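sequence and predicted structure below; questions after.
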Amino acid sequence: MSGKVYEIMTKATLAKGTKKTISKHDYLVNDIDKILGCWICNHQYRGVIKQQPVIEGSFDLHIWYSHLNDSFLLKQKVTYCDEIDLSIKNHVLYYCDSNYNYQAYDLNKKTTTQILENIYYPVIKGNEVYYQLDQDDESLYCYDLTTKENKKLKIVVENKKKHKKRRSRSVRRLFEIL
């Protein structure tokens with residue numbers, strides 16, 4: 001059984017969100033006949049905002065194994081640092097809450113402001129938030145964070161070529177602000 005790879009999973013919870021990562025840690029153990037057990041204990045973590053938000057943490061890994069009818073225990077402390085993909089602009093964290101409201105949390109003032117209500121699939125590009133509004137036949141909108149102006153986007157689909165036999169066409173989507 002020597003040389004086989006085993007996956008050990010753990011998870012950290014930060015506020016109301018969860019983050020799952022898989023990382024590989026190599027351990028040198030000679031002559032394993034059988035893995036008898038594995039557990040993780042003393043898991044500690046904290047969220048830190050450096051240039052990008054990260055979760056720093058550590059845990060103790062215990063692997064109980066046997067070799068030639070004798071059992072051994074491998075103890076190893078593992079440390080990790082995982083980046084979190086969040087939208088942060090000018091010390092303001094933008095996120096969508098469980099009620100689909102788009103929120104802005106000021107990291108300096110520790111205050112939360114609701115920006116948009118009942119939206120889906122928000123994407124922040126520069127100073128603009130693009131999102132879908134289901135109440136309006138799933139229309140797309142653009143919200144400017146600096147001017148606080150909300151604009152409905154118009155999607156125009158153009159046909160480039162038409163084939164008589166296949167009826168396949170190449171489609172180009174153009175976004176035009178009304």
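Now that the structure is in, tell me what you want to look at.

mind showing which ranges of the protein have poor pLDDT?
Filtered on pLDDT under 70, the chain yields the residue ranges 1-20, 51, 85, 157-178.

which residues of it fall in strands?
12-14, 17-19, 34-49, 53-67, 70-83, 87-89, 92-96, 102-106, 111-116, 120-125, 128-133, 139-144, 150-159, 171-177 (DSSP state E).

which of these sits closest to His25?
Nearest to His25 among the strands of the chain is strand 70-83; the distance by CB to CB comes to 5.8 Å. Backbone N, C-alpha and C define where each C-beta goes, glycine included.

rewinding a little: a markdown table for the strands of the chain, including distance to Asp26 and mean neighbour count?
A markdown table is the format used below for the strands of the chain (distance: least, CB to CB, whole Å; neighbours: other CB atoms under 10 Å):
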| stretch | distance to Asp26 | mean neighbour count |
| --- | --- | --- |
| strand 12-14 | 22 | 15 |
| strand 17-19 | 23 | 12 |
| strand 34-49 | 15 | 12 |
| strand 53-67 | 12 | 16 |
| strand 70-83 | 10 | 12 |
| strand 87-89 | 34 | 15 |
| strand 92-96 | 36 | 16 |
| strand 102-106 | 39 | 16 |
| strand 111-116 | 43 | 13 |
| strand 120-125 | 38 | 13 |
| strand 128-133 | 42 | 18 |
| strand 139-144 | 47 | 16 |
| strand 150-159 | 49 | 11 |
| strand 171-177 | 47 | 9 |
